[in-house]
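K.L.:
Below: sequence and its predicted model.
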There are 2 protein chains.
Amino acid sequence: MPKLDLSQIPFKGGSTYPGKLAEAMAGRTSQALGDAGGLGQYGVNLVRLAPGAQSSLRHYHMQQDEFVMVTEGICTLIDDQGEHLMQVGDCAAFPAGEANGHHLVNKTEAPAVFLVVGTRTETETGYYSDLDMKVTVDVSGYIFTCKDGSPLSADQIGE
Amino acid sequence: MPKLDLSQIPFKGGSTYPGKLAEAMAGRTSQALGDAGGLGQYGVNLVRLAPGAQSSLRHYHMQQDEFVMVTEGICTLIDDQGEHLMQVGDCAAFPAGEANGHHLVNKTEAPAVFLVVGTRTETETGYYSDLDMKVTVDVSGYIFTCKDGSPLSADQIGE
């Protein structure tokens, strides 16, 4: 049935980030709405940020368009231009390849929720704006390295 | 700037449907949020339905995933299984190729608004559930025919 029963879609927490970087994702959970509805061409996730939580480490995608709409609470969009308040109904778009690292942070005392859409591609490269890290994604999964492709140091990931 | 100023994004009305079929789209306007934000891989539109208006003639897509979330008011999702009430925050997903014709109708006395995401593909075929019509889409535009490919009759489109 096309109409989704959101109460039946599990909340997933955790992070694919290596080592101590995963701790940055505490307080973030998401529901995979697109997957639940059988969509394969793009992901649609409803992301819930507890007070103080963030959507991701600040990053941009090389191959995948990204779109967000705030549906509950207030988020702060942080990108290369600074901070932008995002209230319910506010939207932002991040075209693939545009080198403007971004993330959403919940700086309020109440939960915030946003819908995020991202294209599914066979491979992907993402760059993190505030640290020397990139991610390459293919069928084998996520590989995090320094931006020049060398391994992340123990110092960077705390291992 | 990634954050979109929705007050600056024009509302578009009208219809690509041929002849009198276009009249069915009265009361529907939409804002092309994805286009405004520079996205090319999928369309994101915020669609406003006046009381009595509908999102489209009931149809399904062969190549393009579709996702909707109601953001204001109440819509009725009509598909092969019947009618489903869609309130603010309710979502529905329509995987490409799933032959379940669907549309949203505003059966209330207040405006209703929904966000809709659809993959961009070079070609597309759509089938209309309640009449003998299909649409094929390519670089040359939209071509509406009977389901067997023959031209629509004057009787069908009132011309």
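P.N.:
Here it is on my side, so go on. Numbers count the residues shown, from 1 in each chain, chains lettered A, B, ... in the order given.
K.L.:
only C-alpha atoms for contact and neighbour calcs from this point on.
P.N.:
Noted.
K.L.:
Tell me which stretches of chain A form strands.
P.N.:
For chain A, applying DSSP state E gives strands covering A:28-32, A:42-49, A:59-61, A:66-72, A:75-79, A:82-86, A:91-94, A:103-105, A:112-119, A:124-128, A:133-138, A:141-145.
K.L.:
Out of those, which gets nearest to B:Q87?
P.N.:
Smallest distance to B:Q87 across these (CA to CA): 13.1 Å, for strand A:66-72.
K.L.:
Please tabulate the strands of chain A in a markdown table and include mean neighbour count as additional columns.
P.N.:
Below are these laid out as a markdown table (neighbours: other CA atoms under 10 Å in any protein chain shown):
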| stretch | mean neighbour count |
| --- | --- |
| strand A:28-32 | 21 |
| strand A:42-49 | 23 |
| strand A:59-61 | 23 |
| strand A:66-72 | 23 |
| strand A:75-79 | 21 |
| strand A:82-86 | 15 |
| strand A:91-94 | 24 |
| strand A:103-105 | 23 |
| strand A:112-119 | 23 |
| strand A:124-128 | 20 |
| strand A:133-138 | 17 |
| strand A:141-145 | 16 |
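K.L.:
do you know which of these lies nearest B:L21?
P.N.:
For the strands of chain A, proximity to B:L21 was assessed by CA to CA; strand A:42-49 is nearest, at 31.1 Å.
K.L.:
Once you drop chain neighbours, what's closest to A:E159?
P.N.:
The spatially closest residue to A:E159, leaving aside those adjacent along the chain, is A:G19, at 6.3 Å (CA to CA, 6 or more residues apart in numbering or on different chains).
K.L.:
That neighbour is in contact with A:I157, isn't it?
P.N.:
Yes. With contact defined as CA atoms under 8 Å, A:G19 reaches A:I157; the gap is 4.9 Å.
K.L.:
returning to that earlier point: export the strands of chain A to a markdown table and tack on mean pLDDT and distance to B:A92?
P.N.:
Formatted as a markdown table, the strands of chain A follow (pLDDT from 0 to 100; distance: least, CA to CA, whole Å):
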| stretch | mean pLDDT | distance to B:A92 |
| --- | --- | --- |
| strand A:28-32 | 98 | 12 |
| strand A:42-49 | 98 | 11 |
| strand A:59-61 | 97 | 26 |
| strand A:66-72 | 98 | 16 |
| strand A:75-79 | 98 | 24 |
| strand A:82-86 | 98 | 24 |
| strand A:91-94 | 98 | 19 |
| strand A:103-105 | 98 | 25 |
| strand A:112-119 | 98 | 13 |
| strand A:124-128 | 98 | 27 |
| strand A:133-138 | 96 | 28 |
| strand A:141-145 | 95 | 28 |
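K.L.:
Which one of these lies nearest to B:L152?
P.N.:
Of all the strands of chain A, it is strand A:42-49 that lies closest to B:L152, at 34.0 Å by CA to CA.
K.L.:
quick one, that closest one and strand B:42-49 angle?
P.N.:
Orientation check (axes from the mean of the first three to the mean of the last three CA atoms, to 10 degrees): strand A:42-49 against strand B:42-49 gives 70 degrees.
K.L.:
Adjacent strands (with direction) for strand A:42-49?
P.N.:
Here strand A:42-49 has these sheet partners by DSSP bridges: strand A:28-32 (antiparallel), strand A:112-119 (antiparallel).
K.L.:
JSON lines for those, including distance to A:G141?
P.N.:
Below are those laid out as JSON lines (distance: least, CA to CA, whole Å):
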{"stretch": "strand A:28-32", "distance to A:G141": "18"}
{"stretch": "strand A:112-119", "distance to A:G141": "16"}
